[in-house]
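# predicted coordinates and the sequence they were generated for:
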Amino acid sequence: MVKSKIQEEVNNQIQAEFQSAYIYLGFSAWFESKNLNGFAHWMKMQWQEEIDHAMRLYNHLLRRGGNVELKTLEAPEIDVSSAKEVFEQALEHEEYITGRIHELYALAQEEKDYPLTSLLHWFIDEQVEEEDVTGEILERLKMIDGDPAALLDLDRELAQRQPEEEGEEQEGE
Ligand code: OFO
């Protein structure tokens, strides 16, 4: 059984994760329109990961007899003029999501919801990784500083990103 306050906040986090997915898909489209297809691919992998994050919370609620309430998503505003700006916004967004996960964890502790705290350990670790990886690409873009050859090298590298292993996707569900 899930307390209604917890259910409401998990539903809000499901919305936030789907919203993240939508933002990354918007970034993917922006990169593809600039012929940076490696970056576009990386963003599409990120889109899929965010859907997986939403589904972990979705499955968690349903397994515990809770109700999933899917909410409206906003159209992402993609107002950027460089790859560096995209990654600045992505990092800012991940920091925001990390804050939300920490607040949800604090609520789960306060409400003594141990199954949710257990699930959220995975999310806490995942956010460390999300910020680390996004921040590293941002640092490289700062070094590249608009050099087209270096940008294309990074584009080729990001094209190699693979989807998460099946086991990793299921972990924590
Ligand atoms: Fe779901 O981690 Fe990014 O937003």
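Structure received.
# interface residues of this protein facing the ligand?
Glu17, Ser20, Glu50, His53, Glu94, Ile97, Glu130 (CB under 6 Å from any ligand atom). C-beta: built from backbone N, CA, C; applies to glycine.
# list the residues that contact Tyr114.
Tyr114 makes contact with Ala108 under the criterion CB atoms under 8 Å, 6 or more residues apart in numbering.
# show the pLDDT at it.
On the pLDDT scale, Tyr114 is placed at 98.
# distance check, it against the ligand.
Distance, Tyr114 to the ligand, by CB to the nearest ligand atom, to the nearest Å: 22 Å.
# and the residues of the chain next to the ligand, which is closest to Glu32?
Glu50 (17.9 Å; CB to CB).
# go ahead and confirm the closest one touches Ser20.
Yes: applying CB atoms under 8 Å as the test, Glu50 and Ser20 come out as touching, 4.3 Å apart.
# quick one: buried residues of the helix or strand containing Trp47?
Element membership of Trp47, judged by DSSP states H and E, is helix 37-63. Judged by neighbour count (16 or more other CB atoms under 10 Å), helix 37-63 contains these buried residues: 38-47, 49-54, 56-58, 60-61.
# how about residues contacting stretch 80-98?
Outside stretch 80-98, the residues that touch it by CB under 8 Å, 6+ apart are 16-17, 20, 23-24, 27, 30-31, 36, 39, 127, 130-131, 134-135, 137-138, 141-142, 146, 151.
# I am finished for the moment; much appreciated.
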